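Visitor: 3D, please:
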Amino acid sequence: MTKIIAVASAKGGVGKTTTAINLGTALAKFGRHVIVVDGNLATPNIGIHLGAPVVPFSVHDAVRGKKDIKECVYSHESGVRIAPASISINDLKGIDHKKISKVLKGLEGTAELVIVDSCAGLGEEMFSCIDAADEILVVTTADLPSVTDSIKTIELAEGKGKTVIGVVLNRVRNDNSEMKAGEIEALVEKPVIASIPEDESIRKSLKKNHPVVYSHPDAPSSTAYKQLAALLVGQKYEVLTKKNA
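Guide: Reported below is the predicted structural model:
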């Protein structure tokens, strides 16, 4: 049985794509069969992040009915499989965003987990990604505007009868300007299940067109993503230190 998890936030720029890619890669490293899908048709980033900005067939082709979504899946050298959307503005013409949900359902039986990188905002693209998902993972940064938009995302998801797994707190600097995890949990009424630190390795991995989990496996952010992946699938993950390495 395939589980579809939408990585969502009404706020842009909080790190949904980075989270989706690295969560998918970490799960693949744990031996899970995973596909990461670009559910953001207007401003897709998965292909850009992973060095495949142009592919023979994209999610746009599947939404138009020109190709089966299974024909739009590609393997990255990190081990994760991806279904990128097209970056061409011409491919936005005539797109019916309501069909994203049906297209995503077409991946059932092809993977254990489908991770969907949804778009920002509260429009049809977001609605369709949430409609297709079994569970929602909300991404935010530790500032009030982002947290406020997370509340909207959670309310939307639960209004559609979806299970919100929890909140991923991204780009954590641990300084006095940030909201603390406890404050965020009190506002959104959901647990913060992962805190991803601000990490220069993520920028370096983007330059290499790789997930940070693959290019910098020992980086603090990689460890946090692997801990999140292990939590989601109920797998034990021991963080190796100099003491127990």
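
Visitor: switch to C-alpha atoms for all contacts and neighbour counts from now on
Guide: OK.

Visitor: Torsion angles phi and psi at the closest residue to residue 76 other than its chain neighbours?
Guide: Nearest residue to residue 76, sequence neighbours excluded (Cα to Cα, 6 or more residues apart in numbering): residue 82, at 7.2 Å. The phi and psi torsions at residue 82 (degrees, to the nearest 10) take the values phi -130, psi 150.

Visitor: So residue 82 sits against residue 70, correct?
Guide: No: if you go by Cα atoms under 8 Å, residue 82 and residue 70 don't touch, sitting 10.4 Å apart.

Visitor: C-terminal to the longest helix anywhere in the chain, what's the next element?
Guide: Counting by DSSP state H, the longest helix found in the chain is helix 144-159. The first helix or strand that comes after helix 144-159 along the chain, using DSSP states H and E, is strand 163-172.

Visitor: Can you point out the buried residues in that following strand?
Guide: 163, 164, 165, 166, 167, 168, 169, 170, 171, 172 (16 or more other Cα atoms under 10 Å).

Visitor: Distance check, the third one against residue 106.
Guide: Using Cα to Cα, to the nearest Å, one gets 23 Å for the distance from residue 165 to residue 106.

Visitor: measure stretch 115-129 end to end?
Guide: End-to-end distance of stretch 115-129 (Cα to Cα): 10 Å.

Visitor: same thing with stretch 8-26?
Guide: This stretch, stretch 8-26, spans 18 Å end to end (Cα to Cα).

Visitor: List of residues touching that stretch?
Guide: For stretch 8-26, contacts defined as Cα atoms under 8 Å, 6 or more residues apart in numbering pick out 7, 34-36, 45-46, 78-80, 115-122, 126, 136-141, 146, 149-150, 152-153, 170, 211-214, 222, 225-226, 228-229.

Visitor: now stretch 220-233
Guide: Under the criterion Cα under 8 Å, 6+ apart, residues 19, 22-24, 26-27, 193-199, 201-202, 212-213, 216-217, 236-237, 239 lie in contact with stretch 220-233.

Visitor: again, 6 Å this time
Guide: With Cα atoms under 6 Å, 6 or more residues apart in numbering as the test, stretch 220-233 has contacts from 23, 26, 27, 194, 196, 197, 213.

Visitor: How many neighbouring residues does the third one have?
Guide: A count of nearby residues for residue 27, using other Cα atoms under 10 Å, gives 25.

Visitor: helix or strand for it, which one?
Guide: Element membership for residue 27 (DSSP H and E) is helix 16-29.

Visitor: Specify the angle between the longest helix of the chain and strand 163-172 in degrees.
Guide: 160 degrees (axes from the mean of the first three to the mean of the last three Cα atoms, to 10 degrees).

Visitor: any idea of the mean pLDDT for stretch 150-157?
Guide: Average pLDDT, stretch 150-157: 96.

Visitor: Could you number the chain from 24 rather than 1 from now on?
Guide: OK, 24 is where the count begins now, so the last one is stretch 173-180.

Visitor: Show me the strands in this protein, by range?
Guide: Listed in chain order, the strands of the chain (DSSP state E) span 26-31, 57-61, 97-98, 104-106, 136-140, 158-164, 186-195, 215-220.

Visitor: Serialize those to TSV and add fields for distance to residue 124 and mean pLDDT.
Guide: Listed next are the strands of the chain as TSV, based on distance: least, Cα to Cα, whole Å; pLDDT from 0 to 100:
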stretch	distance to residue 124	mean pLDDT
strand 26-31	11	97
strand 57-61	12	98
strand 97-98	20	96
strand 104-106	14	98
strand 136-140	11	97
strand 158-164	14	97
strand 186-195	16	97
strand 215-220	26	97
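
Visitor: I'd like the ones you listed as a markdown table, with distance to residue 75 appended.
Guide: Converted to a markdown table, those look like this (distance: least, Cα to Cα, whole Å):
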| stretch | distance to residue 75 |
| --- | --- |
| strand 26-31 | 21 |
| strand 57-61 | 12 |
| strand 97-98 | 9 |
| strand 104-106 | 10 |
| strand 136-140 | 16 |
| strand 158-164 | 24 |
| strand 186-195 | 25 |
| strand 215-220 | 25 |
